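Enquirer: what's the 3D shape of this:
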Amino acid sequence: MSQITIQPPISTQALQNSSIATPRARLKVGDQLHATVMNLQNGKAELRLSEGIVSARTQVPLQTGEQLKLTVAQLQPQLTLSLSKPPPPALEAANQRLIPKQQPLQQALQNLTQLLQNSATGKGGQEAIQRVLQQLPTLMQLFNPKELKQQISKSGSFMENRLLNNRSTAPSGDLKMLLLQAKAQIMNQAENQKVVRQLDSMIARIELNQLKTLQASVQTTTQQQSEGASREPQQRNWSVEIPFIQDNQPQQIALHYRHHQEAEDEEKERWSIEINLEPPGLGGITATATHHQGELDIHFLSEKEETARLISEQIEQLQTALSVAGVEIGTLFSRQKTVNDSSLNRPPSFSSTGLSIKA
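Expert: Presented below is the predicted three-dimensional model:
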């Protein structure tokens, strides 16, 4: 079995003084510990052991919630734990080679930016990365509604539909088409295989969003064709991720659209758009705008209390601007996320009584 070292940035003595009730005198090389991965960020892992939580630094591709079996590899100068993983079955190993790792577009673009600065990346790979980055809009451009609409159209989610309808033989500026072209140009270059893997990851992420939309469409069609479908509400949803450049770094806005229509009452129609973003220094923000029975509700949910307060201070100005534009306002509010707001981790759901607001 292969072994991967995990090195917590705490000494054995610090571990002895922590909440973990395994003193240094009792720890010895070969001891086994069980842990759960609680959080992952920038190569750091937060691990929950049976008696407490410790921080660790690792290059192991872990996943939040993963159960680990650790072995004490050394005690000095830092406590080092090793993680043994059995070799994956043949089918799983094949899938790992064939199916790209799923990750947000922003993360893949950040990895590409690092590869651009890596001298080991070939010239072809560097040129491919530059072409992708040059096509990304800036944050200021996305403030323009027309530009935002255009970027949604170019997000890659509608590439096949545009080709099917003969609107263009090669959609200009389409992100998915751009990624496919970049991959085709360097896929046989050994020095650029890391670049190819990141391109594959982005393509797979776009296709995953497309499949979610297709699944929702198929479910709606099945409801319409089934007996008694006239009494069933029709639902449609789709997700789009729009990467952009801010301060020369890739960022991302995630948009989730949902449409709910009561089959027996045309007036009971509800449109909802959810926007997830993470401005530097402000933490995660989820904004949900819902249009129902002629009124628009806008709700903001922020990870940081200060961010929620800053948005609250602008709520009145937003309400005035919308009223001047002729928009009927329902409810507007901003608050901090609480432990009960698990909706950040899943799309909003509809029911016959209304919408489960995600913000």
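Enquirer: from here on, contacts and neighbour counts on C-alpha atoms
Expert: Will do.
Enquirer: ok so L180 is a strand residue?
Expert: No: using DSSP: H, G, I helix; E, B strand; the rest coil, the assignment for L180 is helix, not a strand.
Enquirer: what separates it from M202, distance-wise?
Expert: Between L180 and M202 the distance is 10 Å, computed by Cα to Cα, to the nearest Å.
Enquirer: more crowded one of those two?
Expert: A count of neighbours by other Cα atoms under 10 Å puts M202 above the other of L180 and M202, at 26 against 15.
Enquirer: and the closest residue to L332 other than its chain neighbours, helix, strand or coil?
Expert: Distance criterion Cα to Cα, 6 or more residues apart in numbering; nearest residue to L332, sequence neighbours excluded, is I298 at 5.0 Å. Classification of I298 into helix, strand or coil gives strand, according to three-state DSSP.
Enquirer: Contacts only, for I298.
Expert: By Cα atoms under 8 Å, 6 or more residues apart in numbering, the contact set of I298 is A287, T288, A289, T290, G330, T331, L332, F333.
Enquirer: Skip the chain neighbours and tell me the closest residue to the fourth one.
Expert: Computed as Cα to Cα, 6+ apart, the closest residue to T290 that is not its neighbour in sequence is S272, at 4.3 Å.
Enquirer: Now do the phi/psi pair for the one you found.
Expert: With angles defined as degrees, to the nearest 10, S272 shows backbone torsions of phi -140, psi 140.
Enquirer: which residue ranges form the helices in the stretch 101-250 of the chain?
Expert: Using DSSP state H, counting those that start in this stretch, the helices of the stretch 101-250 of the chain run over residues 105-116, 123-134, 139-142, 145-153, 159-164, 175-186, 193-225.
Enquirer: Would you reformat these as CSV and include mean pLDDT?
Expert: Formatted as CSV, the entries for the helices of the stretch 101-250 of the chain read as follows, by pLDDT from 0 to 100:
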stretch, mean pLDDT
helix 105-116, 92
helix 123-134, 94
helix 139-142, 88
helix 145-153, 90
helix 159-164, 84
helix 175-186, 93
helix 193-225, 76
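Enquirer: rewinding a little: can you read off the pLDDT for the residue nearest to L332?
Expert: Each residue has a pLDDT score; the one for I298 is 93.
Enquirer: Could you do K304 as well?
Expert: Among the per-residue scores, K304 holds a pLDDT of 92.
Enquirer: how close does it sit to G283?
Expert: Computed with Cα to Cα, the distance linking K304 and G283 is 6 Å.
Enquirer: With E46 instead?
Expert: In this view, E46 and G283 are 19 Å apart by Cα to Cα.
Enquirer: more crowded one of the two?
Expert: In this view E46 and G283 are compared by other Cα under 10 Å, and E46 has more residues nearby, 19 against 14.
Enquirer: and that one, what element?
Expert: Element membership of E46, judged by DSSP states H and E, is strand 44-49.
Enquirer: and that strand, what's its mean pLDDT?
Expert: Regarding strand 44-49, the rounded mean pLDDT is 77.
Enquirer: ditto for stretch 328-347
Expert: Taken as a whole, stretch 328-347 has an average pLDDT of 74.
Enquirer: roughly how far out does it sit from the chain middle?
Expert: 18 Å (Cα atoms, centre = their mean, to the nearest Å).
Enquirer: Need the residues that contact it.
Expert: When contacts are taken as Cα under 8 Å, 6+ apart, the neighbours of stretch 328-347 outside the stretch itself are 256, 286, 294-305, 307-309, 311-312, 315, 319, 322-323, 358-359.
Enquirer: Out of those, name the ones that lie in strands.
Expert: Those of the contacts of stretch 328-347 mapping onto strands are H256, T286, E295, L296, D297, I298, H299, F300, L301, S302, per DSSP state E.
Enquirer: Just the buried ones from these?
Expert: In the ones in strands among the contacts of stretch 328-347, burial by neighbour count holds for H256, T286, L296, D297, I298, H299, F300, L301, S302, counting by 16 or more other Cα atoms under 10 Å.
Enquirer: which one of those residues sits closest to L208?
Expert: Using Cα to Cα, H256 is the member of these that lies nearest L208, at 13.4 Å.
Enquirer: And the closest one, how far from Q103?
Expert: 17 Å.
Enquirer: Quick check: the two most widely separated of the contacts of I298?
Expert: With distances taken as Cα to Cα, the most widely separated pair in the contacts of I298 is A287 and G330, at 14.9 Å.
Enquirer: Comparing the two, which residue is more hemmed in?
Expert: A287 (19 against 15).
Enquirer: which residues touch the nearest residue to the more buried one once chain neighbours are set aside?
Expert: Taking Cα to Cα, 6+ apart as the measure, A287 lies nearest to F300, with 4.5 Å between them; neighbours along the chain are not counted. Each residue near F300 by Cα under 8 Å, 6+ apart is listed here: I285, T286, A287, T288, A308, I311, F333, S334, R335, A359.
Enquirer: Could you do I311 as well?
Expert: I311 makes contacts with F300, S334, as judged by Cα under 8 Å, 6+ apart.
Enquirer: Could you do N276 as well?
Expert: By Cα under 8 Å, 6+ apart, N276 lies in contact with I253, A254, L255, G284, I285, T286, A287.
Enquirer: what pairs with the nearest residue to it once chain neighbours are set aside across the strands?
Expert: Nearest non-adjacent residue to N276, counting by Cα to Cα, 6+ apart: T286, 4.6 Å away. Counting by DSSP bridges, T286 is bridged to N276, L301.
Enquirer: Return the distance of T286 relative to N209.
Expert: Distance of T286 to N209, computed by Cα to Cα: 19 Å.
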